[in-house]
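Colleague: have a look at this fold, sequence not included:
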């Protein structure tokens with residue numbers, strides 16, 4: 001239980017650092033260094049504690065210089081049509097010049113947004129039968145399937161042979 005509280009506090013700290021960096025840049029766009037420090041600290045904490053960040057947060061931080069990417073302030077955003085009529089969003093950091101390309105596919109869903117990824121929808125291992133009993137059941141099912149396959153194949157050969 002104490003591990004969950006520790007992770008919760010770490011996520012709250014990461015959230016605070018991200019919000020602080022965003023507020024600093026929106027209030028005064030000249031404070032890029034302070035916002036960069038907040039983002040770098042956020043990245044270091046998440047690496048040290050091995051915490052996964054949401055893809056929407058990762059997309060708004062430059063991987064090269066740790067600058068928060070705000071369109072019009074620290075980055076430029078362009079829509080471009082690539083080969084085979086695929087549209088792409090191109091985000092370019094104004095500090096270091098790094099470009100990120102994201103495909104615009106309305107049918108694509110991130111793994112985080114899919115229902116299988118949510119913890120509430122996953123079945124727990126404790127609630128179901130033990131893994132040992134399920135493997136025994138699978139073996140018995142395989143054995144019965146092979147015997148039924150043999151009997152059905154002999155029945156088919158008997159039907160095809162002329163008497």
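Modeller: Cool, the structure landed. Just so we're clear, the structure is a prediction, and the values are computed from it rather than from any experiment.
Colleague: check contacts around residue 13.
Modeller: Contact analysis of residue 13 by CB atoms under 8 Å, 6 or more residues apart in numbering lists residue 45. For glycine as for every other residue, the C-beta is placed from the backbone atoms N, C-alpha and C.
Colleague: any idea how far the nearest residue to residue 63 once chain neighbours are set aside lies from residue 20?
Modeller: Leaving aside its sequence neighbours, residue 63 sits nearest to residue 98 (CB to CB, 6 or more residues apart in numbering; 6.7 Å). Per CB to CB, to the nearest Å, residue 98 is found 23 Å from residue 20.
Colleague: quick one: buried residues of stretch 74-88?
Modeller: The neighbour-count criterion (16 or more other CB atoms under 10 Å) identifies 74, 75 as the buried residues of stretch 74-88.
Colleague: tell me the mean pLDDT over the host helix or strand of residue 7?
Modeller: Taking DSSP states H and E as the criterion, the element that holds residue 7 is helix 2-27. The pLDDT scores in helix 2-27 average 87.
Colleague: after that helix, next one along is what?
Modeller: That would be, after helix 2-27 and using DSSP H and E, helix 32-48.
Colleague: go through that next one and flag the buried ones.
Modeller: Neighbour-count burial for helix 32-48 [16+ other CB under 10 Å]: 32, 35, 36, 37, 38, 39, 40, 41, 42, 43, 46.
Colleague: tell me the pLDDT of residue 64.
Modeller: pLDDT at residue 64 comes out at 95.
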